[in-house]
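Student: requesting a structural model of the entry that follows:
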Amino acid sequence: MKKFSKGFTLIELLVVIAIIGILSGIVLTSLGSARTKAKNSSAIASLSAMRAEAELSITNAGVYPSTICSAGSAGSVGEPLTKLAAAITAQGITDLTCSVDNVSTVSKWAVGSPTLKFCVDSGGYAGTATTATNQGAHSGGACTTS
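Tutor: This is a model prediction of the structure:
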């Protein structure tokens, strides 16, 4: 008569636990990069929405408010764009730069992030750029791509 034992051996259990550990490590690693990509995409979407928000704040004279970049600390994003800037900061992007062509009568502006390498401007440009400066490579815009 044969004697059958029920259950798993210690070696079988250790092999299964090792395989599960390896698989979970791979999954967690890929989730970390997906989280970063999602945060960056959210920040880029908020940056793109800044153009529409700024257009809503144009005065009757056809210029943007002088506080578009000057509210808060020097170089920070101003009142018309504050909520969107807060949403971008909440995603971990803290290096937003804002520039205007003229402090008193703003006809051009740009907001960008060196971390995201993304910039939007009043000329209609939204895309890859290194900085938000007063001189731009795009007609009527202010994002520098070189």
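
Student: report pLDDT for the residue nearest to V63 when sequence neighbours are not counted.
Tutor: Spatial nearest neighbour of V63, chain neighbours left out: T105 (5.1 Å); criterion: C-beta to C-beta, 6 or more residues apart in numbering. Every C-beta, even on glycine, is put in place using the N, C-alpha and C of the backbone. Note for T105: predicted pLDDT of 78.

Student: what does the one 10 residues further on give?
Tutor: Each residue has a pLDDT score; the one for T115 is 83.

Student: sorry, back to before: contact partners for the residue nearest to V63?
Tutor: The neighbourhood of T105, defined by C-beta atoms under 8 Å, 6 or more residues apart in numbering, consists of 61, 63, 66.

Student: just the buried ones from these?
Tutor: With neighbours counted using 16 or more other C-beta atoms under 10 Å, the contacts of T105 contain these buried positions: S66.

Student: nearest to L13, of the contacts of T105?
Tutor: The shortest gap between L13 and any of the contacts of T105 belongs to S66, at 70.3 Å (C-beta to C-beta).

Student: where's that closest one, which helix or strand?
Tutor: S66 is part of no helix or strand, with elements assigned from DSSP states H and E.

Student: go on, C119?
Tutor: Assigned by DSSP H and E, C119 belongs to strand 118-121.

Student: neighbouring strands for that strand, and are they parallel or not?
Tutor: Using DSSP bridges, strand 118-121 pairs in its sheet with strand 109-113 (antiparallel), strand 126-128 (antiparallel).

Student: name the residues that touch the shortest one?
Tutor: To tie it back to what came earlier, the one meant is strand 126-128. Here strand 126-128 makes contact (C-beta under 8 Å, 6+ apart) with 47-48, 51, 117-120, 143, 145.

Student: make TSV from these and add distance to F8 to it.
Tutor: Conversion of the contacts of strand 126-128 to TSV gives the following (distance: C-beta to C-beta, whole Å):
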residue	distance to F8
L47	55
S48	55
R51	62
K117	52
F118	53
C119	59
V120	59
C143	62
T145	61
